[in-house]
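K.L.:
Sequence unavailable; structure follows:
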């Protein structure tokens, strides 16, 4: 009896012990800033054949609402199929293999309905300068102020061997286009996972209307896809190295901006269970922060549908031409967008690994890739009265059931978040960041 009583008392003590506190993390957001985040930072990239297929249809109210929820932003039309899609000025439209006047009109209506601008891709690989100029003239007239730039060809380093060869080819097309569209703007060179031509492009094409130095950057091929590798990819290697080189090219030659006009995690469509889960949402946030920290103007995350392979990483998931929901990268872009435009601020994190942080305006992000929660004490760039806390979370890194502030995004764009309130004392606030989650603190 005496032994039983002792054991019972021990059980009471153990059960009454408080839960272990989450590790404390200190986040200090630097008040200084070297770059600005615009409203069009988080954009989309789609294959050119989707124009003729009429994916961009202003009467598709679900898709319009999803674009509006994330925008207004920038839609880049291109992909591998830009160099396989022909221009047919006499065509009736509605065919994925070609683009006609009627198709461009539908794209223009969609742009106006959503408020998005367009980078318009033109076939380089299997085209002529004269035909390209004809299409560009129509696109410029129909899209009007919603046209930001032309992108001539897709990842030309895949099929053009040297920079001099590409320069000669691009110059013929650009000159033909500018003869019909005076003042036409271009982005380029848009290489695949490389910045080797960026400096030469900025130097030689500045006076020919180059307004964006562009690149396309993925982590690796989809056969190499895995969650740990994805989460680690933003810290070293291809992504940060290319970003630094792009900013150097832009600065050296006075180009207005550089941008990743096509990106996602693993190319050739990504991998189910890696590219479309919570880990990909957290990855996309760190990727955007890395580009912003190197003065990049934004990222166009590739998506939609493709006749080449399933696009598991697509921010919006489709059944044919109709959206049926959104996926991980969309949630990452949406949390980013909720911070609004403003100055980008770097941040230092102490107290835990696998936690990153940064600020936009006087708002702060804390991205926790750990399997345990943390409590973050954040020093903001400036004083605030109070804050709303948006938590992007899921049950695990490989979960597809993702929410922001308790709300999913429905296929019709319905999003009803309920951010928590946080007290701010001067420039300091403390928030809980669940395991495998990211938090956005929006100050008032």
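P.N.:
Arrived safely. Just so it is clear, the structure is predicted and the values come from calculations on it, not from any experiment.
K.L.:
Wait, residue 288 touches residue 239, no?
P.N.:
No - contact criterion CB atoms under 8 Å: residue 288 and residue 239 do not qualify, at 10.9 Å. For the C-beta atoms, the positions are set from N, CA and C on the backbone; glycine is no exception.
K.L.:
Looking at the two now, which is surrounded by more residues?
P.N.:
residue 288 (28 against 21; other CB atoms under 10 Å).
K.L.:
just checking, next helix/strand downstream of the one helix or strand the more buried one maps to?
P.N.:
Using DSSP states H and E, residue 288 sits within helix 278-293. Later in the chain than helix 278-293, the nearest helix or strand by DSSP H and E is strand 299-302.
K.L.:
and that next one, how far out from the chain's middle?
P.N.:
Using CA atoms, centre = their mean, to the nearest Å, the mean C-alpha position of strand 299-302 is found 4 Å from that of the whole chain.
K.L.:
for it, what is the average pLDDT?
P.N.:
Here strand 299-302 scores 98 as its mean pLDDT.
K.L.:
Okay, buried residues for the helix or strand that it is followed by please.
P.N.:
Later in the chain than strand 299-302, the nearest helix or strand by DSSP H and E is strand 316-319. Buried positions in strand 316-319, judged by neighbour count with 16 or more other CB atoms under 10 Å: 316, 317, 318.
K.L.:
Need the residues that contact stretch 169-186.
P.N.:
Stretch 169-186 has contacts (CB atoms under 8 Å, 6 or more residues apart in numbering) with 122, 124, 127, 129-130, 132-134, 136-137, 140, 148-153, 156, 160, 188-189, 204-205, 208-212.
K.L.:
Can you show me the strands along the stretch 1-150 of the chain?
P.N.:
Using DSSP state E, counting those that start in this stretch, the strands found in the stretch 1-150 of the chain span residues 24-29, 35-37, 42-47, 74-78, 86-87, 98-99, 117-122, 147-152.
K.L.:
would JSON lines of these with mean pLDDT be doable?
P.N.:
Compiled in JSON lines, those are given as follows (pLDDT from 0 to 100):
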{"stretch": "strand 24-29", "mean pLDDT": "97"}
{"stretch": "strand 35-37", "mean pLDDT": "97"}
{"stretch": "strand 42-47", "mean pLDDT": "98"}
{"stretch": "strand 74-78", "mean pLDDT": "98"}
{"stretch": "strand 86-87", "mean pLDDT": "98"}
{"stretch": "strand 98-99", "mean pLDDT": "98"}
{"stretch": "strand 117-122", "mean pLDDT": "98"}
{"stretch": "strand 147-152", "mean pLDDT": "98"}
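K.L.:
among these, which is nearest residue 378?
P.N.:
Set against residue 378 and scored by CB to CB, the strands of the stretch 1-150 of the chain come closest in strand 24-29, at 4.5 Å.
K.L.:
Identify each buried residue in that closest one, please.
P.N.:
In strand 24-29, counting by 16+ other CB under 10 Å, buried: 25, 27, 28, 29.
K.L.:
mind putting the residues you listed in TSV, distance to residue 442 included?
P.N.:
Conversion of the buried residues of strand 24-29 to TSV gives the following (distance: CB to CB, whole Å):
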residue	distance to residue 442
25	19
27	15
28	18
29	13
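K.L.:
Tell me the secondary structure at residue 370.
P.N.:
coil (DSSP: H, G, I helix; E, B strand; the rest coil).
K.L.:
pLDDT averaged over the helix or strand hosting residue 170 - what is it?
P.N.:
Taking DSSP H and E as the criterion, residue 170 maps to helix 163-180. Across helix 163-180, the average pLDDT comes to 98.
K.L.:
That one versus strand 117-122: what angle between them?
P.N.:
With axes from the mean of the first three to the mean of the last three CA atoms, to 10 degrees defining the directions, helix 163-180 sits at 110 degrees from strand 117-122.
K.L.:
How far off centre is helix 163-180?
P.N.:
Computed by CA atoms, centre = their mean, the chain-centroid distance of helix 163-180 equals 29 Å.
K.L.:
Can you check the pLDDT for the residue nearest to residue 91 when sequence neighbours are not counted?
P.N.:
Distances taken as CB to CB, 6 or more residues apart in numbering place residue 100 nearest to residue 91, at 3.8 Å, with adjacent residues excluded. You'll see residue 100 listed with a pLDDT of 98.
K.L.:
Could I get the contacting residues of residue 100?
P.N.:
Listed by CB under 8 Å, 6+ apart, the contact partners of residue 100 are 52, 87, 88, 89, 90, 91, 92, 93.
K.L.:
Show me which of those residues are buried.
P.N.:
Neighbour-count burial (16+ other CB under 10 Å) is assigned, among the contacts of residue 100, to 52, 87, 88, 91, 93.
K.L.:
Give me the domain ranges for the protein.
P.N.:
Here the domain assignment for the chain is 20-33+342-443, 39-338, based on automatic domain parsing.
K.L.:
For the longest one, measure first residue to last.
P.N.:
For domain 39-338, the first and last residues are 10 Å from each other (CA to CA, to the nearest Å).
K.L.:
Point to the helix or strand of this protein where mean pLDDT is at its lowest.
P.N.:
Within the chain, no helix or strand scores below helix 2-16, which has a mean of 40 by mean pLDDT, DSSP states H and E.
K.L.:
thinking again about what came up before, can you turn the buried part of the contacts of stretch 169-186 into a PyMOL selection?
P.N.:
One line in PyMOL is enough to select the buried ones among those; burial here means 16+ other CB under 10 Å:
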select buried, resi 122+124+127+129+132+133+134+136+140+148+149+150+151+152+153+156+160+188+189+204+205+208+209+210+211+212
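K.L.:
roughly how far apart are residue 272 and residue 279?
P.N.:
Residue 272 sits 13 Å away from residue 279, going by CB to CB, to the nearest Å.
K.L.:
do residue 130 as well
P.N.:
Distance of residue 130 to residue 279, computed by CB to CB: 47 Å.
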